[in-house]
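Chemist: Could you look at this predicted model? Sequence included:
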Amino acid sequence: MAFDASLANLQTEANCLICLNHLRDPVTTDCGDNFCPSCIHQRWEGLQGTFPCPVCLHHCPDRNLKRNPQLCDMMEIVQQIPTSGSKRKLQEEIPLCGKHNEVLTLFCEKNMELLCAQCRVSSDHQDQRLIPIEEAAASHRRMLKRHIRDLTNSFKNAEIVYKKQVANTWEVKRKMKQWREELDFECKEFKCFWETERQEIDNNLLIEEKDVEEKLIENGRQIPYHMFRLSNLLSEIEDNCLQTDLDLLTDIERIHNSYGNLETPAVFSCELKKESYNLPPHYLGLHKMIHTFQVDLTLDPETAHPSFNITSDRKSVTYRISEDLSNPHTLTAYPTILSSEGFDTGRHFWMVNIKGTGECLLGVCKESISRDTLISPSPNNGCWQYQQKTDVFDLFCTEEHHIGVFLDYELGEVSFYNLNNWSFLDGFSVTFTEKLMPYFSIAPSSESLTISIIIV
C-alpha cells in the first residue's frame, strides 16, 4: 500500500497544475512552479506588464520561461510507469458523454454543452458549430478575462462614486456644523444687541423720569404760592366790602387790577413718551430678502477704468496701476466700473466679495452721471455708495469679505450690509428720478484689490 501511495503521489507531482495532465516539455517560472508551455502561455494570453503564477500568484516580470531538461527526462520515465489503481480510478471519473459513453472532446457554442466525437454525426448537432474543448475553453477564458476587466473598471468606478458619497456626507456635516456655529453666533449677537438696547432704553427712561420729576416739583411750588395769593386777595376784598362808600371807591381800581391780573398756574401735563426698540435688519428678514430680490449682475467693460483687469466671465475686476486714461467711457478719475444691468423700478439685492489691500466704494449711480470730469462720487452728483475703508474693515487679512447692497427704487432707499456677520452698515434715503446703475469703485491709493460679484 505504501508503494502504491508513493507511486500515486509521484504521478500527481508529474502533472501540469493547469491542465492536470502529464507535463509536456515542462517549463519553470521564476517562483519555481512547473507548467506545460502551451498551458501557461494560454493562461497569460492578453496580459501585459506582469504575469501572475496561476498557483502562488507570484508576479513574473516577463514571459521568458526556463525549460527544465532534467524534469523532461523524468517525465519520460514517469510516463512509462504503469498507471496505479488510484490513477485508473481518477481516469474512470473523467466525465463521459451520457449518450455514447465516450470522452467529451467537443463543445457546442449554440447550446453551450459538452459533446463527444459521436455527437458530431448526430442529427441534433449536424448544423451546429462544434469546436474542440481546448479552443472553446481558451475562447471563453478570453471572454471571462474581458468580464474581469470590465468588472474591475466597474468596481473602480463604484469605488470613486463611494468616495464622492463619503465626501458629500462629510461636506453635509461640515455645512451643518458651520450653520450651527452661525446660529450660535447670531444668538449671542442678538443677546448682546438686546442687552445694549435694553440698557440704552433704561438710561433714556431714567433721564425722562428725572426731567418729569423736576417739572412736577416746580409745578408743585407754583400752585401753593398761587393759593396763598388767592387767600390774601379774598381777605382784602372782604375787608373792602365792609368799608364806607368813600373808602371803598378810593382804592377800587387797584383791587380790580389785582383780581384781573391773577392767573391760575397751568397743571403740568405728564405725557410720557414710550421708548421703542429696533431689531437688527437681518432679524427682520435679510436672509429672505437676499433669496427674494437677488440679481445676477455682470460688469460692463465699456465703463471700466484703464486700471481694471476684468475676468472673461465679467464677474470680477482687479485693480492694477495704469496711466492710460484714453477710454472716454471711464467714470471720472476714480478707478470705477458699472454693471451692464440698470434698474428704474422694483427691489434688487446683489452681493460683492472683496479681497486684497485697500479700500473700495460700492453702491448705485445715475445712468446720466458725468463721465469726463475729475470729480469725487457723491450723492450731490448722483452717486450713492458705501466706502469700505481698511481702518474700519480689515482688508489686509487673507479672509474674504462679503458686502450686500439692497436697492428699493420706489421707496428711494439704498442699504448696505456686512454679510460676514449679517449686520447693517449704512443706508441712504432719497427720491430717484432716473435709471440707476450698480456702481463699483476702488480708491486710487489701494495697492491690490479684487471685487467679485457673487450669487447664492
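Modeler: Noted; the coordinates are in hand. Every value quoted in this text rests on a predicted model; they were computed, and no experiment measured them. Numbering: from 1, shown residues only.

Chemist: For H256, the count of nearby residues, please.
Modeler: 10 (other Cβ atoms under 10 Å). In this view, the C-beta of every residue, glycine as well, is placed from N, C-alpha and C.

Chemist: check contacts around L248.
Modeler: The neighbours of L248, taking Cβ atoms under 8 Å, 6 or more residues apart in numbering as the test, are 240-241.

Chemist: so where does it fall, helix or strand?
Modeler: Using DSSP states H and E, L248 falls within helix 245-250.

Chemist: Distance from that helix to the middle of the chain?
Modeler: How far helix 245-250 lies from its chain's middle: 103 Å, per Cα atoms, centre = their mean, to the nearest Å.

Chemist: Mind checking the pLDDT average for it?
Modeler: On average, the pLDDT along helix 245-250 is 77.

Chemist: Can you classify D313 by secondary structure?
Modeler: Taking DSSP: H, G, I helix; E, B strand; the rest coil as the rule, one finds D313 in the coil state.

Chemist: Give me the most central residue, the protein.
Modeler: In the chain, the centroid-proximal residue (Cα atoms, centre = their mean) is K175; its distance is 7.8 Å.

Chemist: burial of the closest residue to G46 other than its chain neighbours, as a residue count?
Modeler: Among residues not flanking G46 along the chain, K145 sits closest, at 5.6 Å (Cβ to Cβ, 6 or more residues apart in numbering). Using other Cβ under 10 Å, K145 has 14 other residues around it.

Chemist: surely K145 meets Q48?
Modeler: No: with contact defined as Cβ atoms under 8 Å, K145 does not reach Q48; the gap is 11.8 Å.

Chemist: What is the end-to-end distance of stretch 300-313?
Modeler: By Cα to Cα, to the nearest Å, the extent of stretch 300-313 from end to end equals 11 Å.

Chemist: Kindly apply the preceding question to stretch 98-114 instead.
Modeler: In stretch 98-114, first residue to last residue: 10 Å (Cα to Cα).

Chemist: Other residues contacting that stretch?
Modeler: 94-97, 115-120, 122, 125, 128-133, 135-137.

Chemist: T357 is in contact with A443, correct?
Modeler: No: using Cβ under 8 Å, A443 is not in contact with T357, being 11.1 Å away.

Chemist: For the longest strand along the chain, what is the distance to the chain centroid?
Modeler: The longest strand of the chain (DSSP state E) is strand 347-357. Remark: strand 347-357 is offset 17 Å from the chain centroid, using Cα atoms, centre = their mean.

Chemist: Give me the packing partners of the following helix or strand past it, helices and strands only.
Modeler: The helix or strand immediately downstream of strand 347-357 is strand 360-366, counting by DSSP H and E. Counting contacts by 3 or more Cβ pairs under 8 Å, 6 or more residues apart in numbering; DSSP states H and E, strand 360-366 is packed against strand 383-388, strand 401-408, strand 413-418, strand 436-442, strand 448-454.

Chemist: if we can go back for a sec, and the residue nearest to G46, helix, strand or coil?
Modeler: Under three-state DSSP, K145 comes out as helix.

Chemist: just checking, L407 touches H348?
Modeler: Yes: taking contacts as Cβ under 8 Å, L407 lies within contact range of H348: 4.8 Å.

Chemist: which one of those two has more residues nearby?
Modeler: L407 (23 against 19).

Chemist: The stretch 101-250 of the chain: strands as residue ranges?
Modeler: Assigned by DSSP state E, counting those that start in this stretch, the stretch 101-250 of the chain shows strands spanning 106-108, 113-115, 130-132.

Chemist: so which of the ones you listed comes closest to W44?
Modeler: strand 130-132 (20.4 Å; Cβ to Cβ).

Chemist: so what strands line up beside the closest one?
Modeler: strand 106-108 (antiparallel) (DSSP bridges).

Chemist: domains of this structure?
Modeler: Following automatic domain parsing, the chain resolves into domains at 2-94, 139-260, 282-454.

Chemist: so which of those is the most packed in?
Modeler: domain 282-454 (a mean of 17; mean count of other Cβ atoms under 10 Å).

Chemist: tell me the mean pLDDT for that domain?
Modeler: On average, domain 282-454 scores 78.

Chemist: Pull the distance from it to the chain's centre.
Modeler: 24 Å.

Chemist: Ok, stretch 160-173 next?
Modeler: 14 Å.

Chemist: same check, this time on stretch 68-76
Modeler: 70 Å.

Chemist: hang on, the earlier thing: output the contacting helices and strands for whichever helix or strand comes after the helix holding L248.
Modeler: Following helix 245-250 in sequence order, the next helix or strand is helix 252-260 (DSSP H and E). Using 3+ Cβ pairs under 8 Å, 6+ apart as the contact test, the elements touching helix 252-260 are helix 133-241.

Chemist: And the helices in the stretch 1-150 of the chain?
Modeler: Here the stretch 1-150 of the chain has its helices, by DSSP state H, counting those that start in this stretch, at 2-13, 37-43, 69-80, 85-92, 117-120, 133-241.

Chemist: hey, least reliable of these by pLDDT?
Modeler: helix 85-92 (a mean of 50).

Chemist: isn't I290 right up against M351?
Modeler: Yes: between I290 and M351 there is a contact at 7.4 Å, judged by Cβ under 8 Å.

Chemist: tell me the pLDDT at G260?
Modeler: G260 is given a pLDDT of 64.

Chemist: Now for C16: which residues touch it?
Modeler: Contacts of C16 by Cβ under 8 Å, 6+ apart are 22-24, 26, 34-36, 39.

Chemist: And the closest residue in space to it that isn't next to it in sequence, how close does it get to F51?
Modeler: Closest residue in space to C16, ignoring its immediate chain neighbours: C36 at 4.5 Å, by Cβ to Cβ, 6+ apart. Separation of C36 from F51 (Cβ to Cβ, to the nearest Å): 15 Å.

Chemist: from what I can see I18 touches F35, true?
Modeler: Yes: contact criterion Cβ under 8 Å: I18 and F35 qualify, at 5.7 Å.

Chemist: would T433 count as being in a strand?
Modeler: No: with three-state DSSP as the criterion, T433 is assigned coil and is not in a strand.

Chemist: Go ahead and confirm W384 touches G427.
Modeler: No: assessed by Cβ under 8 Å, W384 is found out of contact with G427, at 9.2 Å.

Chemist: Return every residue with contacts to both of the two.
Modeler: V414.

Chemist: thinking again about what came up before, let's have the domains of the chain in JSON lines, adding distance to C108.
Modeler: Shown next, in JSON lines, are the domains of the chain (distance: least, Cβ to Cβ, whole Å):
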{"stretch": "domain 2-94", "distance to C108": "19"}
{"stretch": "domain 139-260", "distance to C108": "13"}
{"stretch": "domain 282-454", "distance to C108": "64"}
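
Chemist: still on that earlier bit, retrieve the pLDDT associated with the residue nearest to C16.
Modeler: 85.

Chemist: And it, how far from E13?
Modeler: Counting by Cβ to Cβ, the gap from C36 to E13 is 14 Å.

Chemist: Same check on L297?
Modeler: 82 Å.
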